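J.: Following is a predicted model, sequence given first.
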Amino acid sequence: MRLILALTFCFSCLNLYAQNAETLYNEGVQLKKDKNTSAAAAKFKEALRLKPDYTEARYELGWCQNDMKDYSAAIVNLRIARKTWSTIPKVYFELGYAFEKTDETDSAVTAYNTCLRYKSDYSGAYRQLGYIAYNNDDNKTALENFNKYVANTTSDITDYLFWYRKGFTENALKKYELAKPSLLNSLKYKTDYLNTYLELGFSCKNLKQDDDAISYYQQAINLDPKDHVGYNGIGEVYRDNKKNMEKAREWYGKTLAINSNERKANFGMGYCLNNEQKYYEAIPYLQRAIDNEKTYTAAYVELGYSQYMTNNFTSAITNFNKAIELNPANENSRYYATLLYIKQKNKAMAQKMVDELKNLNSKYATDLQSKVNVMN
């Protein structure tokens, strides 16, 4: 009889502990809904003290720890939860998030992909995979995942940073007609983010929407007059689209007034001066651009062109060769080098350049070959 009473008492205690753990868990869930994450975590911890194998509480604690940026602790609890919930997608998502925030990128990618294996429309996993690729400058993979996020999400995406990053990758991949609406979505949810205006300016510039491009760049300048990118952007609109070199130089000059060594403005000034046949004036700007970026292929080509036009052939060839070394597919350097060798009456080297252009399927090859053919 005593044994029966003792067992009954033990079962009653266990049932009480289970009830108390469940009560604590439910209180934690409510606190989580109320966005009181730290109090919710305390409830889940207490529930686990009473019932260590309470997987639901273990997962929720890991979620809260992610929210509180205690990612290492989240990983510990989510790994434990995963042992029981080995096919539950949300466990892998939270693990992936914790891994991502602790710079364990490979583990994060594996966890997100496992999440998607168990639930192929888990939109948040696509978003985070996109962010990882974006941070690794893998724009193609980033955009693929961003598009899958948009396709699978069931609610409005109101995160301005998501739309900015999507627009950025589309610009980087020269999908300007897609980038513009993405960036306008970003602007809808945050109207004072400088980079959105700069990317919108870049999209519109490449879409030949010059007035819009100038307007967006000007709005970026209004937000931060000391940021030079907007000035350069307007300079490029005048240089590349409007072919107004004087006006372009005016805007590059605004950048150089802020930072005389800024590489793109120096290149822009040199390019415009070359276009205006002011070759000697162009040289110091182009040299300064190279001094501030030793791998600036286009600047080597422009500097070589300035030197070619001022009969400094030795230096010109050195810079054309440097451009080819940096970018073996560069056509402009070979084009100008061919003209230089023709001027020097060096038929062998001129033919060599033309042959290389032919191998690149360059549009310049046929015309240059006709010029080489008539050389003595």
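T.: On my side now, so go ahead. Residues are numbered from 1 along each chain as shown.
J.: For the nearest residue to K226 once chain neighbours are set aside, give me its contacts.
T.: When the adjacent residues along the chain are set aside, K226 lies closest to I258, with 6.1 Å between them (C-beta to C-beta, 6 or more residues apart in numbering). Backbone N, C-alpha and C define where each C-beta goes, glycine included. By C-beta atoms under 8 Å, 6 or more residues apart in numbering, the contact set of I258 is 226, 228, 231.
J.: so the second one touches G253, yeah?
T.: So that's H228. No. Checked against C-beta atoms under 8 Å, the pair H228 and G253 is beyond contact range at 11.1 Å.
J.: More neighbours: which of the two?
T.: When H228 and G253 are compared on other C-beta atoms under 10 Å, the one with more neighbours turns out to be H228, at 21 against 14.
J.: And the more buried one, how far from I221?
T.: 9 Å (C-beta to C-beta, to the nearest Å).
J.: List the buried residues in stretch 157-176.
T.: Burial within stretch 157-176, assessed by neighbour count using 16 or more other C-beta atoms under 10 Å, is assigned to 157, 160, 162-172, 175-176.
J.: what do you get for stretch 332-345?
T.: Here stretch 332-345 shows 332-342 as buried, counting by 16+ other C-beta under 10 Å.
J.: List the contacts of that stretch.
T.: Stretch 332-345 has contacts (C-beta under 8 Å, 6+ apart) with 300-301, 304-305, 308, 313, 316-317, 320-321, 323-324, 347, 349-350, 353-354, 356-357, 360, 362, 364, 368, 371-372, 375-376.
J.: give me phi/psi at K119?
T.: phi -150, psi 100 (degrees, to the nearest 10).
J.: That one - nearest residue in space that isn't next to it in sequence?
T.: Once its chain neighbours are removed from consideration, K119 has its nearest residue in P89; the separation is 3.9 Å (C-beta to C-beta, 6+ apart).
J.: close enough to count as contact, the one you found and Y122?
T.: Yes. Here P89 lies in contact with Y122, judged by C-beta under 8 Å, at a distance of 5.3 Å.
J.: mind listing the helices for the stretch 101-250 of the chain?
T.: If you assign secondary structure with DSSP state H, counting those that start in this stretch, the helices in the stretch 101-250 of the chain sit at 105-118, 123-135, 139-152, 160-172, 176-189, 194-206, 210-223, 229-236, 245-258.
J.: mind listing what L173 touches?
T.: Neighbouring residues of L173 by C-beta under 8 Å, 6+ apart: 139-140, 143.
J.: typed the wrong thing, it's D67
T.: When contacts are counted by C-beta under 8 Å, 6+ apart, D67 is found next to T37.
J.: That one and A74, how far apart?
T.: Remark: distance between D67 and A74 (C-beta to C-beta) = 9 Å.
J.: Redo the helices of the stretch 101-250 of the chain as JSON lines? Include distance to E94 and mean pLDDT.
T.: Formatted as JSON lines, the entries for the helices of the stretch 101-250 of the chain read as follows, by distance: least, C-beta to C-beta, whole Å; pLDDT from 0 to 100:
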{"stretch": "helix 105-118", "distance to E94": "9", "mean pLDDT": "98"}
{"stretch": "helix 123-135", "distance to E94": "10", "mean pLDDT": "98"}
{"stretch": "helix 139-152", "distance to E94": "17", "mean pLDDT": "98"}
{"stretch": "helix 160-172", "distance to E94": "19", "mean pLDDT": "98"}
{"stretch": "helix 176-189", "distance to E94": "25", "mean pLDDT": "98"}
{"stretch": "helix 194-206", "distance to E94": "29", "mean pLDDT": "98"}
{"stretch": "helix 210-223", "distance to E94": "36", "mean pLDDT": "98"}
{"stretch": "helix 229-236", "distance to E94": "37", "mean pLDDT": "98"}
{"stretch": "helix 245-258", "distance to E94": "45", "mean pLDDT": "98"}
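J.: hey, C-alpha coordinates of the helix or strand where V372 lies in PDB?
T.: Using DSSP states H and E, V372 sits within helix 365-373. The C-alpha coordinates for helix 365-373 follow below in PDB (Å, rounded to 0.1, in the frame of the first residue of the first chain):
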ATOM      1  CA  ALA A 365      39.900  44.300 -86.300                       C
ATOM      2  CA  THR A 366      38.700  44.700 -89.900                       C
ATOM      3  CA  ASP A 367      39.300  48.500 -90.200                       C
ATOM      4  CA  LEU A 368      42.800  48.200 -88.600                       C
ATOM      5  CA  GLN A 369      43.700  45.200 -90.700                       C
ATOM      6  CA  SER A 370      43.100  47.300 -93.800                       C
ATOM      7  CA  LYS A 371      45.400  50.000 -92.400                       C
ATOM      8  CA  VAL A 372      48.100  47.500 -91.700                       C
ATOM      9  CA  ASN A 373      47.800  45.900 -95.200                       C
END
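J.: How many residues are close by K69?
T.: Considering only other C-beta under 10 Å, K69 is surrounded by 9 other residues.
J.: how much space between it and S38?
T.: Distance check for K69 against S38: by C-beta to C-beta, it reads 11 Å.
J.: Same check on L200?
T.: Noted for L200: a distance of 40 Å to S38, by C-beta to C-beta.
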